[in-house]
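> quick one: sequence plus predicted model below, questions after.
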Amino acid sequence: MKKKMLSLVLAGAMTAAMLTGCGSDAGTETSDAGTETSDAGAETSEAATEDTTEESADTAEAAQSSGGTFKIGGIGPLTGGAAVYGIAAMNGSQIAVDEINAAGGINGMTVELNFQDDELDAEKSINAYNALKDWGAQVLDGCVTSACSIAVSAKTAEDQMFQLTPSGSAVECVANDNAFRICFSDPNQGAASAQYIGENGLASKVAVIYDSSDVYSSGIYEKFAAEAANQSFEIVSAGAFTADNKTDFSVQLQQAKDAGAELVFLPIYYTEASLILTQAADMGFDVTFFGCDGLDGILNVENFDTSLAEGVMLLTPFAADATDDLTVKFVTTYNEKYGETPNQFAADGYDVIYTIKAAAEKAGITADMSTEEICAALSQAMTEISVDGLTGEGITWDASGEPTKAPKAVVIKDGVYTAM
Amino acid sequence: MSFIAHLINGISLGSVYALIALGYTMVYGIAKMLNFAHGDVIMIGGYVVFVTVSGMGLNPLLSIIISMAACTVLGVTIERVAYRPLRGASPLAVLITAIGVSYFLQNVALLVFGSDTKAFTNVVTLPNLELFDGQLVIKSVTIVTVIVSIIIMVGLSLFVKKTKIGRAMTAVSEDQGAAQLMGINVNGTIAVTFAIGSSLAAVAGVLLCSAYPSLTPYTGSMPGIKAFVAAVFGGIGSIPGAFIGGILLGVIENLSKAYISSQLADAIVFSILIIVLLVKPTGLLGKKIQEKV
Amino acid sequence: MKKLSKTTKNNLITYGMVILAYIIVQLLVSTGHVSSLVQGLLVPFCTYVIVAVALNLTVGILGELSLGHAGFMCVGAFSSAVFSLAFKEALPSGLRFFLALLIGAAAAALIGFLVGIPVLRLKGDYLAIVTLAFGEIIKNIINALYLGVDSNGLHFTMKDALSLNMEEDGMVLIKGAQGVTGTPNDSNFTIGVILILVTLFIVLNFINSRTGRAVMSIRDNRIAAESVGINVTKYKLIAFTVSASLAGVAGVLYAHNLSTLNALPKNFGYNMSIMILVFVVLGGIGNIRGSIIAAVLLTLLPEVLRGLSDYRMLIYSIVLIAMMIFNWSPNAIFFRKRLGQRFVGSKRAKKEA
């Protein structure tokens, strides 16, 4: 009897819990959003120096009264193995938001950014997106990774929310009319790399080491291999690795060495590339390494022996060592605020916000417009604007969502990126 | 020649697995629990050395000792706070708690050290061994790792067999209740086991990061799982088994990457593990337990 | 009321709980009281409830530890997603999803059966590690698999999309690591709840059937069960296969809720298998109702914690440890019992008064 009673009580408690759980969720969500906003506010005031704080607070207040707020939602991996990319994009976006707010906002509206974690999981990215919808996001800055971006873009298309992904590079990321991107697409990079190597006669025997479990890496490799057939070099070895197997590259390097490769193409991220360079040096394998935008950031790996990266060539839209005013200012601010040198993801995140600003100003977005109206207006405006960002000058978009900008080929010389 | 190179690289990878597996097997053998957080203690050990060597400029040897001390304290604390309350509960409950601890350590490291990769300074500064005019290179860190693993393996075996605490450990592993009746302090013995296991984790962390010099909050998790597989491979609970299992796993992994498929290396390694376990259900050197009615 | 046996009553409570929860949620949704976040979580809730119940069949009833259930989910997800994608235009969505469901369940059952034959000979932690290994193998193979269809039929390769050698009219279904993109969005909450009820019906009836009792007798004492003539291997395999196929059903639901499907360590790796095990252990090993509640609560928890931003996963891990200790620690159980007795005792005293 006692047991029965207990189970009944438990079941009752359970339904009650579910009830209250569902009922009160809307409530907690709003209060969550509240803390989020105040968080962002606190960060702004912390980072800015004393006098600018007052100023920005003043302008923010002024903006508040004149134009309301413009809510930008962001999604990316903030925990888990890919956190480094998501956090960089978030920080870059935050800097842009702070700058814009200090300068009076977008069309008089104060910009708010709420960046949510997706743990590199498509399902979680949908949750993050829904949480942002509850918060009242009007446009989306995300997702940082391709698979999540594709999953979320199905939902943004349904809801007609404007989506601009900083670094979702797979083709399908921008398949819908409301989705655009800042970075290059994977096929674009793969083909461009093969052409660059071929046209400049960098090598006749090329080895590739790529991450077969990663959408970005395998996507570039595929197009690289296809384009290589039209070029003057041959691919002598293609060594794959997987996300579960990315510490030891001795086999792939040994194979490349045995095949007599003169150049190793690395369509991967710099975290693994730094290991590859170290291990290649250890085994006395001296070749040219060539990479894509994922390699950017390799010089900033804390404590990394940059002499190992000497002579590495990469096609990248962003280099933290560039001397133009915009980059210098961004890198300085980022360093002050987060104590790190920004990588390409941070630059992409920064450009997202400024692109949204440019498009919003072109389209004359105001705070009282609905999400659907904003989406339609921004999608239209995107094809008409040209943005000078960190990742390219005069970037333009066509209706397909692809950006048009020139990749820069750089080589690492004396520990800095030098244009080729 | 390239076969020998692949073999040596496999041993190099395997020696790291072996070192981690020794810690796993030690804790499993005595406390009868799968400490999934072991890989993350390794990661913390790596960060301690990183901070003390690269940040404060301490002597590497001194920093390793600091790291061992820090990990020992960490291991004992984890045992006291998270595992001891569950003594006597289902082993599954302890397993899940260990996973909770693993998430906890990863997220603490993420908050404290940030998500970006740190390049670890190799603490083994000896020159690499070059054979046949530099055609074959054996990294000094590999040699050190193998030697350290052997020393630890022999040391642990002697410790467990010869010392009083070691024999207490064996008693606890055989039967906790009976050991208690015989006047052995079960909680104390298990705490000592964790202390030893965790200080080994610090050593493993340093050598793992020296061999593969990249450090993130998730550095420990995959080698941790692989080492766990290695420990099972060799017969979990068996100290020499962990060493042999680790080396074999590394060699198999590298050779299958080299000669079969680098994409399917994990699938091949795991398939071999399954076959071994089907032939020898308690691993290569595991003890066969007689089932009683 | 008196005629119903205790187990039947207990089972009815479980069904009732699910149906009640469904009605309440539907009411709240129709009156607009549910946030988008929770609405988006409804299908994942169903997915994890089903897979948790499925795993509980293995862990609680069969008494064997499986760390590979995410692998079976993965098989169900990919086989059904490929089917739905290939017949996206050809079949109406209802029929297509029903067939996809059967295919997913059958594929997972087949793999479960094949895995079960060798694996179930092992015991305890060794069995756990081998199931983990199988899960990883499945994930690894799917990540390297390319599958396409054109006018000449199916093509597959383990190398890359180019080696599929397809005609112009071909369509790539599985693109290695890029997985399956464009699966029709056929899952919804109602289907999910129906599947939960079906799962419960299968599992609860299984437990109370002759087969289920045989399985439980093996769990409690294998040698004794063998000595009374129970075919241990057969019954173990039956339970394991049923469990795998239900995990496949959860995979089907998962795949048709997202427009993209990748076999990442996060969703189909050992981490996921362990998460499912967490649901089962937290809800109580062998306690089906507990699995349902734990799956819902633990799926909801990290989402509710979103407001904590950076500290989210940290708090989650602490809550997980605390819940485990509270639920399982011998001291905590003693404490709870005493508290419960006092509570029930005082109630009874009131009744008498």
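All right, it came through fine.
> rest of the way, CA atoms for contacts and neighbours
Noted.
> which helix or which strand is home to the closest residue to chain B within the stretch 51-200 of chain C?
The nearest approach of the stretch 51-200 of chain C to chain B comes at C:I137, 4.4 Å away (CA to the nearest CA). Using DSSP states H and E, C:I137 sits within helix C:124-143.
> centre of the chain to that helix, how far?
Chain-centre distance of helix C:124-143: 16 Å, with CA atoms, centre = their mean, to the nearest Å.
> which ones are touching the residue lying closest to C:I137 once chain neighbours are set aside?
The shortest distance from C:I137 to any non-neighbouring residue, by CA to CA, 6 or more residues apart in numbering or on different chains, is to B:A267 (4.4 Å). B:A267 is in contact with C:A133, C:E136, C:I137, C:I138, C:N140, C:I141, counting by CA atoms under 8 Å, 6 or more residues apart in numbering or on different chains.
> hmm, the first one is touching B:I275, no?
No - contact between C:A133 and B:I275 fails when scored by CA atoms under 8 Å: they sit 11.0 Å apart.
> show me which of these two is the more surrounded one.
C:A133 (25 against 14; other CA atoms under 10 Å in any protein chain shown).
> spit out the contact partners of the residue nearest to the more buried one when sequence neighbours are not counted.
In this structure, C:A133 finds its nearest non-sequential neighbour in B:F270, 5.3 Å apart by CA to CA, 6+ apart. Contacts were defined as CA under 8 Å, 6+ apart; by that measure B:F270 touches C:A133, C:F134, C:E136, C:I137.
> pull up the residues of chain C that are close to chain B.
If contacts are counted using CA under 8 Å from any CA of the partner chain, the residues of chain C sitting beside chain B are C:118-119, C:121-122, C:126, C:129-130, C:133-134, C:136-138, C:140-141, C:144, C:223-224, C:274, C:277-278, C:281-282, C:310, C:313-314, C:317-318, C:320-321, C:324-325, C:328-331.
> hmm, 6 Å instead?
On the criterion CA under 6 Å from any CA of the partner chain, chain B has as its neighbours in chain C the residues C:V130, C:A133, C:I137, C:L314, C:S317, C:L320, C:I321, C:S329.
> who wins for neighbours among those?
For the residues of chain C next to chain B, the largest neighbour count, defined by other CA under 10 Å, is 29 neighbours, found at C:V130.
> leaving out sequence neighbours, find the closest residue to that one.
Closest residue to C:V130 apart from its sequence neighbours, by CA to CA, 6+ apart: B:I274 at 5.9 Å.
> and the host helix or strand of B:F194, what does it pack onto?
B:F194 belongs to helix B:186-211 when assigned by DSSP H and E. In this structure, helix B:186-211 packs against helix B:2-31, helix B:38-50, helix B:60-78, with contacts taken as 3 or more CA pairs under 6 Å, 6 or more residues apart in numbering or on different chains; DSSP states H and E.
> and for stretch B:239-253, what's in contact with it?
Among residues not part of stretch B:239-253, those counted as contacts by CA atoms under 6 Å, 6 or more residues apart in numbering or on different chains are B:10-11, B:13-15, B:17-18, B:21-22, B:230-231, B:233-235, B:269, B:285.
> and of the residues you listed, the nearest to A:M161?
If you rank the contacts of stretch B:239-253 by distance to A:M161 using CA to CA, B:V269 comes first, at 45.7 Å.
> what count of nearby residues applies to the closest one?
The local packing of B:V269 (other CA under 10 Å) involves 23 other residues.
> cool, and B:S115?
Other residues near B:S115 come to 25 when the count uses other CA under 10 Å.
> mind listing what it touches?
Counting by CA under 6 Å, 6+ apart, B:S115 has contacts A:A83, A:V84.
> does C:F240 lie in a helix or a strand, and which?
Counting by DSSP H and E, C:F240 is part of helix C:232-255.
> could you list the alpha-carbon positions for that helix in PDB?
Written as PDB, here are the backbone C-alpha positions of helix C:232-255 (Å, rounded to 0.1, in the frame of the first residue of the first chain):
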ATOM      1  CA  VAL C 232      19.800 -18.000 -22.400                       C
ATOM      2  CA  THR C 233      21.200 -16.900 -25.800                       C
ATOM      3  CA  LYS C 234      17.800 -16.900 -27.500                       C
ATOM      4  CA  TYR C 235      16.100 -14.800 -24.900                       C
ATOM      5  CA  LYS C 236      19.000 -12.400 -24.500                       C
ATOM      6  CA  LEU C 237      19.000 -11.900 -28.300                       C
ATOM      7  CA  ILE C 238      15.300 -11.300 -28.400                       C
ATOM      8  CA  ALA C 239      15.500  -8.600 -25.800                       C
ATOM      9  CA  PHE C 240      18.500  -7.000 -27.300                       C
ATOM     10  CA  THR C 241      17.000  -6.900 -30.800                       C
ATOM     11  CA  VAL C 242      13.700  -5.400 -29.600                       C
ATOM     12  CA  SER C 243      15.700  -2.800 -27.700                       C
ATOM     13  CA  ALA C 244      17.800  -2.000 -30.800                       C
ATOM     14  CA  SER C 245      14.900  -1.700 -33.100                       C
ATOM     15  CA  LEU C 246      13.100   0.700 -30.700                       C
ATOM     16  CA  ALA C 247      16.300   2.800 -30.600                       C
ATOM     17  CA  GLY C 248      16.000   2.800 -34.400                       C
ATOM     18  CA  VAL C 249      12.500   4.200 -34.100                       C
ATOM     19  CA  ALA C 250      13.900   7.000 -32.000                       C
ATOM     20  CA  GLY C 251      16.400   7.600 -34.700                       C
ATOM     21  CA  VAL C 252      13.700   7.800 -37.400                       C
ATOM     22  CA  LEU C 253      12.000  10.500 -35.300                       C
ATOM     23  CA  TYR C 254      15.300  12.300 -34.900                       C
ATOM     24  CA  ALA C 255      16.200  12.200 -38.600                       C
END
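> contact partners of that helix?
Outside helix C:232-255, the residues that touch it by CA under 6 Å, 6+ apart are C:47, C:50-51, C:54, C:72-73, C:76-77, C:80, C:104-105, C:108-109, C:112-113, C:187, C:215.
> inside helices: which ones of these?
The members of these that map onto helices under DSSP state H are C:47, C:50-51, C:54, C:72-73, C:76-77, C:80, C:104-105, C:108-109, C:112-113, C:215.
> list just the nearest of these to chain A.
Out of these, the one with the shortest distance to chain A is C:T47. That distance is 11.4 Å, counting by CA to the nearest CA.
> neighbours of the residue lying closest to A:L326 once chain neighbours are set aside, just the number please.
For A:L326, ignoring the flanking residues on the chain, the nearest one in space by CA to CA, 6+ apart is A:L390 at 6.8 Å. Residues within reach of A:L390, counting by other CA under 10 Å, total 25.
> mind listing what the residue most central in space within chain C touches?
The C-alpha lying nearest the average C-alpha coordinate of chain C belongs to C:V51 (CA atoms, centre = their mean; 0.7 Å). The contact partners of C:V51, taken as CA under 6 Å, 6+ apart, are C:A247, C:A250.
> how much space between it and C:A128?
Relative to C:A128, C:V51 is positioned 17 Å away (criterion: CA to CA, to the nearest Å).
> show me the helices in chain A, by range?
With DSSP H applied, chain A shows helices at A:2-47, A:50-67, A:83-102, A:122-135, A:146-159, A:186-199, A:215-228, A:250-258, A:270-282, A:325-338, A:344-363, A:371-382, listed in chain order.
> swap that for the stretch 51-200 of chain B, please
Counting by DSSP state H, counting those that start in this stretch, one finds helices in the stretch 51-200 of chain B at the ranges B:60-78, B:91-113, B:140-162, B:164-174, B:176-181, B:186-211.
> can I get those helices in JSON lines including mean pLDDT?
Formatted as JSON lines, the entries for the helices of the stretch 51-200 of chain B read as follows, by pLDDT from 0 to 100:
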{"stretch": "helix B:60-78", "mean pLDDT": "93"}
{"stretch": "helix B:91-113", "mean pLDDT": "90"}
{"stretch": "helix B:140-162", "mean pLDDT": "90"}
{"stretch": "helix B:164-174", "mean pLDDT": "88"}
{"stretch": "helix B:176-181", "mean pLDDT": "87"}
{"stretch": "helix B:186-211", "mean pLDDT": "91"}
